[in-house]
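Enquirer: Sequence first, then the predicted structure, then my questions.
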Amino acid sequence: MVSTITTENLARLAEQLLGSGQRVIAPARVAGMVVYKELSAAQEMLPDSAYVLPHASFKEFLFPRTECVLRYKFNEGKIDSTPAEPDKTPQVIIGSRPCDAASLPILDSVFGWDYKDAFYFQRRQNTTIISIACSKANESCYCTSVGHAPDETAGSDLLLKRVAPASVPAGRDAGTTTAGTEAGATYLVEVVTDKGKALLEKHAACFQQVDSAPATEVVKLEKKFDAEKIKPWLDTHFEDPLWQQIATKCMGCGTCAFGCPTCHCFDIVDEGDNKGGCRLKNWDTCGSSLFTLHGSGHNPRNKQEQRYRQRVMHKFKYYVEKFGQRACVGCGRCSDRCPVDMDLRGVLETIAKKEA
């Protein structure tokens, strides 16, 4: 026996989760864009045919753009400090794409390396991921080129795959592919983790048991380049004219990093007054000139080409050496969102063709 779920029952599941006091995050339309949003009602959740990828990843729900980690008060020449408590609200992310879910094992490595980030891991523990395999892709998608897949399970607790029309049970509609006109798609449910199993069992009425797994629709995405050839070239080309050539357009705005599922740089700042304040952890980006600026005024990366090189080196050399995996899932947002059309995938294709 295997489980399936319909679009209607996925919305019903969201309603039950909201009713139990859990936070539910799902792709929704806000100001004309599809984004991961904390739902106030299940009706806000978009059908998966309405989007390929939300505008940015869901990492802000585990690693917020800004969060207080310590509060302090000045008290007669002394400082009284109180550590902030990690957010313990249970949350379920519905409708994630596999590339976004696959970012979690990558983030786990860096946040649990020499120091375990209690804020990140508390949210991680309290988060259940229900991903939907991709049945279509953008031109900029390249997950298969960096070792991932449109239907991979890494990071997901449950993975849903759209059932092919011919395999939909009698009386069911396989759904349409036009945004906003979903007519009741059916999904095969793959249980990936114990957390996913527990959710399925607790909300069993939302799922249907069938005797055998029906055929499913998953997009076929050809590899655009050989990722195995990238690191050998990076190992021997820290200095190379290519860096200046490709970084000429880069403005250092950070759009690529802020939309990326795996970028995790942050800054620590204190904000307050003469009575006290809060120590904040804020997103940051190695593409910014301020990122490495010393108090002395010296900047070891004082050119944009050096900062762009760092981004590529970090994802495809340093992270591989440290954790044995690339810090990229091939979602393509860095190319899609760049205001000056810098294309990381194109850069990687160029590097992969070069001799090490």
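Expert: Structure received. Residues are numbered from 1 along each chain as shown.
Enquirer: Show me the strands in the stretch 51-200 of the chain, by range?
Expert: Using DSSP state E, counting those that start in this stretch, the strands of the stretch 51-200 of the chain run over residues 66-75, 78-83, 91-96, 127-132, 158-162, 186-191.
Enquirer: want to throw these into a markdown table with mean neighbour count, distance to residue 19 and mean pLDDT?
Expert: C-beta coordinates here come from the backbone N, C-alpha and C atoms, glycine included. Formatted as a markdown table, the strands of the stretch 51-200 of the chain follow (neighbours: other Cβ atoms under 10 Å; distance: least, Cβ to Cβ, whole Å; pLDDT from 0 to 100):
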| stretch | mean neighbour count | distance to residue 19 | mean pLDDT |
| --- | --- | --- | --- |
| strand 66-75 | 14 | 27 | 95 |
| strand 78-83 | 10 | 32 | 94 |
| strand 91-96 | 24 | 12 | 98 |
| strand 127-132 | 24 | 16 | 98 |
| strand 158-162 | 25 | 19 | 98 |
| strand 186-191 | 22 | 21 | 98 |
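Enquirer: Compare those and give me the one nearest residue 257.
Expert: Nearest to residue 257, of all these, is strand 66-75, at 14.9 Å by Cβ to Cβ.
Enquirer: What is that closest one packed up against?
Expert: Applying 3 or more Cβ pairs under 8 Å, 6 or more residues apart in numbering; DSSP states H and E, one finds that strand 66-75 makes contact with strand 78-83, strand 266-272, strand 276-283.
Enquirer: mind redoing it with 7 Å?
Expert: Helices and strands touching strand 66-75, as assessed by 3 or more Cβ pairs under 7 Å, 6 or more residues apart in numbering; DSSP states H and E, comprise strand 78-83, strand 276-283.
Enquirer: Quick one: residues in contact with it.
Expert: Applying Cβ atoms under 7 Å, 6 or more residues apart in numbering, the contact partners of strand 66-75 are 79-84, 119, 274-282.
Enquirer: Could you tell me which residues make contact with residue 17?
Expert: Residue 17 is in contact with 24, 92, counting by Cβ under 7 Å, 6+ apart.
Enquirer: what does residue 348 give?
Expert: Going by Cβ under 7 Å, 6+ apart, residue 348 touches 225, 230.
Enquirer: Let me know the secondary structure of it.
Expert: helix (DSSP: H, G, I helix; E, B strand; the rest coil).
Enquirer: From residue 262, how far off is it?
Expert: 15 Å (Cβ to Cβ, to the nearest Å).
Enquirer: So which residues of the stretch 251-356 of the chain form helices?
Expert: If DSSP state H, counting those that start in this stretch is used as the criterion, the helices of the stretch 251-356 of the chain fall at 255-259, 304-313, 319-323, 333-337, 344-352.
Enquirer: err, the stretch 101-250 of the chain, not the other one
Expert: Along the stretch 101-250 of the chain, counting by DSSP H, counting those that start in this stretch, helices occupy 103-111, 118-125, 194-202, 230-236, 241-247.
Enquirer: Identify each buried residue in the second one, please.
Expert: This points to helix 118-125. Residues of helix 118-125 classed as buried under the neighbour-count rule (16 or more other Cβ atoms under 10 Å) are 119, 120, 122, 123, 124.
Enquirer: quick revisit: quick check: which of the helices of the stretch 251-356 of the chain is nearest to residue 99?
Expert: Nearest of the helices of the stretch 251-356 of the chain (Cβ to Cβ): helix 333-337, 9.3 Å.
Enquirer: Any idea how far the closest one is from the middle of the chain?
Expert: Mean C-alpha position of helix 333-337 versus that of the full chain (Cα atoms, centre = their mean, to the nearest Å) differs by 13 Å.
Enquirer: which strands and helices sit next to it?
Expert: Helix 333-337 sits against helix 255-259, helix 344-352, with contacts defined as 3+ Cβ pairs under 7 Å, 6+ apart.
Enquirer: Please compute how far the first one lies from its chain's middle.
Expert: For helix 255-259, the separation from the chain centroid amounts to 11 Å (computed by Cα atoms, centre = their mean).
Enquirer: What of the longest one?
Expert: How far helix 344-352 lies from its chain's middle: 21 Å, per Cα atoms, centre = their mean.
Enquirer: orientation of that helix relative to helix 304-313 in degrees?
Expert: Per axes from the mean of the first three to the mean of the last three Cα atoms, to 10 degrees, the angle that helix 344-352 makes with helix 304-313 is 80 degrees.
Enquirer: Flag every buried residue along helix 344-352.
Expert: By 16+ other Cβ under 10 Å, the buried positions in helix 344-352 come out as 344, 345, 347, 348, 349, 351, 352.
Enquirer: Output it as PDB, restricted to C-alpha atoms.
Expert: The C-alpha coordinates for helix 344-352 follow below in PDB (Å, rounded to 0.1, in the frame of the first residue of the first chain):
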ATOM      1  CA  LEU A 344      26.400  31.900 -12.500                       C
ATOM      2  CA  ARG A 345      25.400  28.900 -14.600                       C
ATOM      3  CA  GLY A 346      27.100  30.400 -17.600                       C
ATOM      4  CA  VAL A 347      30.200  31.000 -15.500                       C
ATOM      5  CA  LEU A 348      30.200  27.400 -14.300                       C
ATOM      6  CA  GLU A 349      29.800  26.200 -17.900                       C
ATOM      7  CA  THR A 350      32.800  28.300 -18.900                       C
ATOM      8  CA  ILE A 351      35.000  27.000 -16.100                       C
ATOM      9  CA  ALA A 352      33.900  23.400 -16.700                       C
END
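Enquirer: Out of the helices of the stretch 251-356 of the chain, the one nearest residue 91 is which?
Expert: Closest approach to residue 91 among the helices of the stretch 251-356 of the chain (Cβ to Cβ): helix 255-259, 20.8 Å.
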